[in-house]
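this one's sequence-less:
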């Protein structure tokens, strides 16, 4: 038997209440850290979902206004490597004119990866739109 084991057993025999309390505290702290890590994962998932709904499920976001940047962006958009996104405030109305609302309108040069699709599918063809639950 090692010296550590003998010391631990001797301490447990001399103060059994303290040994039980130490064991209980260890269990509570272990459970607490487990719950904290699980909670932090839920937090990270929520942040990721929020970022995807705001910025889309894109790997990178670029911006630039000079001519060199513009040429790179246009070339990548033409080949489908990039998706150009124009964001503006606008109005959307029904075809029959019965309903209308205002809000953020995004026009994309390719397939949309914005938001979370709750029902249906993402727009894929020109002229198709996706609506937020608030707009719908």
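Yes, it's here. Quick caveat: nothing in here was measured; it's all calculated off a predicted structure.

what helices and strands are in contact with whichever helix in the chain runs longest?
The longest helix of the chain (DSSP state H) is helix 16-55. Applying 3 or more Cβ pairs under 8 Å, 6 or more residues apart in numbering; DSSP states H and E, one finds that helix 16-55 contacts helix 3-14. Backbone N, C-alpha and C define where each C-beta goes, glycine included.

who does the helix it packs on touch, helix- and strand-wise?
Counting by 3+ Cβ pairs under 8 Å, 6+ apart, helix 3-14 packs on helix 16-55.

distance check, residue 22 against residue 2.
Going from residue 22 to residue 2 by Cβ to Cβ, to the nearest Å gives 19 Å.

how far does stretch 116-128 stretch from start to finish?
Distance between the boundary residues of stretch 116-128 (Cα to Cα, to the nearest Å) amounts to 16 Å.

give me the pLDDT for the residue nearest to the spatial centre of the chain.
In the chain, the residue lying closest to the centroid (Cα atoms, centre = their mean) is residue 48, at 1.0 Å. Looking at residue 48, its pLDDT stands at 75.

residue 101 and residue 93: what is the separation?
Residue 101 sits 8 Å away from residue 93, taking Cβ to Cβ as the criterion.

so between these two, which is more surrounded?
A direct count of neighbours by other Cβ atoms under 10 Å for residue 101 and residue 93 places residue 101 higher, at 14 against 11.

ok but that one is inside a strand, no?
Yes: the assignment for residue 101 is a strand, going by DSSP: H, G, I helix; E, B strand; the rest coil.

which ones are touching it?
Applying Cβ atoms under 8 Å, 6 or more residues apart in numbering to residue 101 gives the contacts 91-93, 135.

out of those, the closest to residue 9 would be?
residue 135 (68.9 Å; Cβ to Cβ).

with adjacent residues omitted, what lies nearest to the closest one?
residue 101 (5.5 Å; Cβ to Cβ, 6 or more residues apart in numbering).

check the one you found and give its pLDDT.
Per-residue pLDDT puts residue 101 at 82.

from residue 19, how far out is it?
Distance, residue 101 to residue 19, by Cβ to Cβ: 67 Å.

same question, residue 63
Relative to residue 19, and taking Cβ to Cβ, residue 63 is found at 62 Å.
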